[in-house]
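Undergrad: my questions concern the predicted model and sequence given below.
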There are 2 protein chains.
Amino acid sequence: MARAATTADVFNAVAEPRRRQIVDLLAAGEISVNELVQLLGLAQPQVSKHLRVLREVGVVDVRDEGRQRLYRLNGQALKPIHDWVKAYEHTWNQRFDLIDDVLAELKAQEEDDANFNGEGDHTG
Amino acid sequence: MARAATTADVFNAVAEPRRRQIVDLLAAGEISVNELVQLLGLAQPQVSKHLRVLREVGVVDVRDEGRQRLYRLNGQALKPIHDWVKAYEHTWNQRFDLIDDVLAELKAQEEDDANFNGEGDHTG
DNA sequence: TTGACGCATTCCCATATCGGCATATGATTG
DNA sequence: CAATCATATGCCGATATGGGAATGCGTCAA
């Protein structure tokens, strides 16, 4: 068996840098193929091919406008990627450590409250 | 030119479902190759190959323990993926719509201020 | 030392890629 | 209708893939 098709899922579709670039460009709004060709500096057929891949996985939608085709981003299709990496965000994001601290402090306060309703510890 | 190597970057490395599965399994802690073979139900050589790819892009680290090799996750290597998709989180997360509203409101206020400050030209 | 174990590497093969190029399709204009 | 513009598709070649099977190699046990 060979490598999975680029259209197999969003992960494969977006593994290609050019396609991520297209997504980034479409973030600004609807763009025609020709405009993308200009912006990317690629040949028109390659752009159309990349767009086809993105279409097949639902990352972009098309709309016919005369003889142009306006592509637009459908960010929702990227959600599976975000859902997956989000689980590993804590490994580089210090904020999660702070959340841990806050939670620990809250828990300690609860225990204090349970024992004695007195002065609150506010040290860091 | 063919498709970019799986070791070209994290995006390509993680496009393979098996490798994401390995990452998910390693989230629990260090695991030996044999354990991964059991958990994945794959042949040992394929697992070693997948691990090699993940190693080359820095997603996993290895440690020798006798005749075993213990793999561990290095979540930081996944950050580029998160950084990229994060920009599109607002398309499915309602919370960001609220932020959008606030930003739009702020922008409207700024424009009001600009007009008030004496921008003579009035387009529209 | 011999053998068994744990893992990595190598070879083979069917497959799908991406880019270049030519061409087909569809809409607009003359 | 013919010509042109905007886009999509088809074919080509070079390349790397992922799984299967065999093998290499270091480590531990007898």
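TA: That came in fine, so what should we check first?
Undergrad: interface residues of chain A facing DNA strand C?
TA: When proximity is defined as CB under 7 Å from any atom of the strand, chain A approaches DNA strand C at A:1-3, A:5-7, A:16, A:18, A:42-43, A:45-46, A:49-50, A:53, A:64, A:66-67. Bear in mind the C-beta positions are built from the backbone N, C-alpha and C, glycine included.
Undergrad: ok, now with 6 Å
TA: With CB under 6 Å from any atom of the strand as the criterion, chain A meets DNA strand C at residues A:2, A:5-7, A:16, A:18, A:43, A:45-46, A:66-67.
Undergrad: now those residues as a markdown table including pLDDT and neighbour count?
TA: Below are the residues of chain A next to DNA strand C laid out as a markdown table (pLDDT from 0 to 100; neighbours: other CB atoms under 10 Å in any protein chain shown):
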| residue | pLDDT | neighbour count |
| --- | --- | --- |
| A:2 | 83 | 5 |
| A:5 | 96 | 12 |
| A:6 | 97 | 22 |
| A:7 | 96 | 14 |
| A:16 | 97 | 20 |
| A:18 | 97 | 15 |
| A:43 | 96 | 10 |
| A:45 | 97 | 9 |
| A:46 | 97 | 12 |
| A:66 | 94 | 7 |
| A:67 | 94 | 6 |
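Undergrad: closest to residue B:73 out of the residues you listed?
TA: residue A:16 (25.1 Å; CB to CB).
Undergrad: give the contact list for the closest one.
TA: When contacts are counted by CB atoms under 8 Å, 6 or more residues apart in numbering or on different chains, residue A:16 touches A:6, A:50, A:53, B:3-4.
Undergrad: got the end-to-end distance for stretch A:25-35?
TA: This stretch, stretch A:25-35, spans 10 Å end to end (CA to CA, to the nearest Å).
Undergrad: ok, stretch A:36-50 next?
TA: Counting by CA to CA, you get 11 Å between the two ends of stretch A:36-50.
Undergrad: next, the buried residues of that stretch.
TA: Going by neighbour count (16 or more other CB atoms under 10 Å in any protein chain shown), the buried part of stretch A:36-50 is A:36-37, A:40, A:42, A:47, A:50.
Undergrad: is that stretch in proximity to DNA strand D?
TA: Yes - using CB under 6 Å from any atom of the strand, stretch A:36-50 reaches DNA strand D at A:44-45, A:48-49.
Undergrad: farthest-separated two in the residues you listed?
TA: Among the residues of stretch A:36-50 next to DNA strand D, the pair separated by the greatest distance (CB to CB) is A:44 and A:49, at 9.7 Å.
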